[in-house]
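Student: Any chance you could fold what I've pasted below:
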Amino acid sequence: MTDPTLRVLISPERLQARIREMGTQITADYPNGNLHLICVLKGACFFLTDLARAITRDVFVDFMGISTYGKGKTSSGEVKVTKDLDISLEGADVLLVEDIVDSGITLSYLVKLIEQRKPKSLRIAALLDKPERRLRPVEVSYVGFQIPDRFVVGYGLDYAEKYRNLDAICVLDETGPQP
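Tutor: This is a model prediction of the structure:
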């Protein structure tokens, strides 16, 4: 990575080690039954892939597309479903897999939406958490890292669809490129 507007916050090695720990804990917490991992697109797809491999039991995987950011650095506050699930969640243990918990607006909306589908249980696994930014209360059962209130990219997180493919979590310099 040679982009001068980026500073590594969490290295690839730290990311992978923490995801393996989370996978071990999730495997222990869900020894039986149908476990459905629901990935919030697009940002959580990298995290979902590595987390699913770290869980040593059978899982079902599906995807939901949600939009709240557009092309800016702050949430619009309006949540829009852009891709819905392909499978029923009724009676299943559901783990909602998110890249980052920020304001809580998106996740509180998703939790209400998924609860209407009558799962047996519903928990959240998030790679990153910014608790100081919370506008709506959200209970996150599995957190990879708590981070400061900085705009981050990489490992699925983007800025105007750029930087998703970085293998680290990086802080984007405030004077960085504009979309």
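Student: Confidence-wise, which helix or strand of this structure is lowest on average?
Tutor: Lowest mean confidence among the helices and strands of the chain (mean pLDDT, DSSP states H and E): strand 80-83, at a mean of 86.
Student: helices and strands around the strand or helix carrying residue 97, which ones?
Tutor: Following DSSP states H and E, the helix or strand that holds residue 97 is strand 93-101. On a contact count with 3 or more C-beta pairs under 8 Å, 6 or more residues apart in numbering; DSSP states H and E, strand 93-101 meets strand 35-41, helix 45-54, helix 105-115, strand 121-129. Quick note: C-beta positions are derived from backbone N, CA and C, even for glycine.
Student: quick one on the thing from earlier: what does the least confident helix or strand of the chain contact?
Tutor: Contacts to strand 80-83, defined as C-beta atoms under 8 Å, 6 or more residues apart in numbering, come from residues 41, 63, 64, 65, 66, 67, 68, 113.
Student: Of those, which pair is most distant in space?
Tutor: Taking C-beta to C-beta as the measure, these span a maximum distance of 16.5 Å, between 63 and 68.
Student: mind listing what's buried in the longest helix belonging to the chain?
Tutor: Taking DSSP state H as the criterion, the chain has its longest helix at helix 12-29. For helix 12-29, the buried set under the neighbour-count rule, 16 or more other C-beta atoms under 10 Å, comprises 15, 18, 19, 22, 23, 26.
Student: Which strands or helices does it pack on?
Tutor: Packing partners of helix 12-29 (3+ C-beta pairs under 8 Å, 6+ apart): helix 45-54, strand 121-129, strand 142-146.
Student: Let me know the angle separating the very next helix or strand once past the longest one from helix 105-115.
Tutor: This points to helix 45-54. Next in sequence after helix 45-54, counting helices and strands by DSSP H and E, comes strand 60-67. Put simply, strand 60-67 runs at 130 degrees to helix 105-115, going by axes from the mean of the first three to the mean of the last three C-alpha atoms, to 10 degrees.
Student: which regions of this protein lie under the pLDDT threshold?
Tutor: For the chain, applying pLDDT under 70 flags the ranges 1-2, 69-77, 174-179.
Student: now do 80
Tutor: When residues are selected by pLDDT under 80, those of the chain lie in 1-4, 67-79, 174-179.
Student: about what we covered before: within the sheet, what are the partner strands of the least confident helix or strand of the chain, with directions?
Tutor: strand 60-67 (antiparallel) (DSSP bridges).
Student: Tell me the buried residues in the partner strand?
Tutor: Buried residues in strand 60-67 (16+ other C-beta under 10 Å): 62, 63, 64, 66, 67.
Student: what do you get for stretch 80-90?
Tutor: 85, 89.
Student: For it, output the C-alpha coordinates as PDB.
Tutor: What follows is stretch 80-90, C-alpha atoms only, in PDB (Å, rounded to 0.1, in the frame of the first residue of the first chain):
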ATOM      1  CA  LYS A  80     -33.000   1.300   2.000                       C
ATOM      2  CA  VAL A  81     -33.000  -2.500   1.300                       C
ATOM      3  CA  THR A  82     -31.300  -3.000  -2.100                       C
ATOM      4  CA  LYS A  83     -31.200  -6.800  -1.900                       C
ATOM      5  CA  ASP A  84     -33.400  -9.000   0.300                       C
ATOM      6  CA  LEU A  85     -32.800 -12.600   1.500                       C
ATOM      7  CA  ASP A  86     -33.300 -15.700  -0.600                       C
ATOM      8  CA  ILE A  87     -34.000 -18.000   2.400                       C
ATOM      9  CA  SER A  88     -36.500 -18.200   5.200                       C
ATOM     10  CA  LEU A  89     -35.200 -17.500   8.700                       C
ATOM     11  CA  GLU A  90     -38.200 -18.800  10.600                       C
END
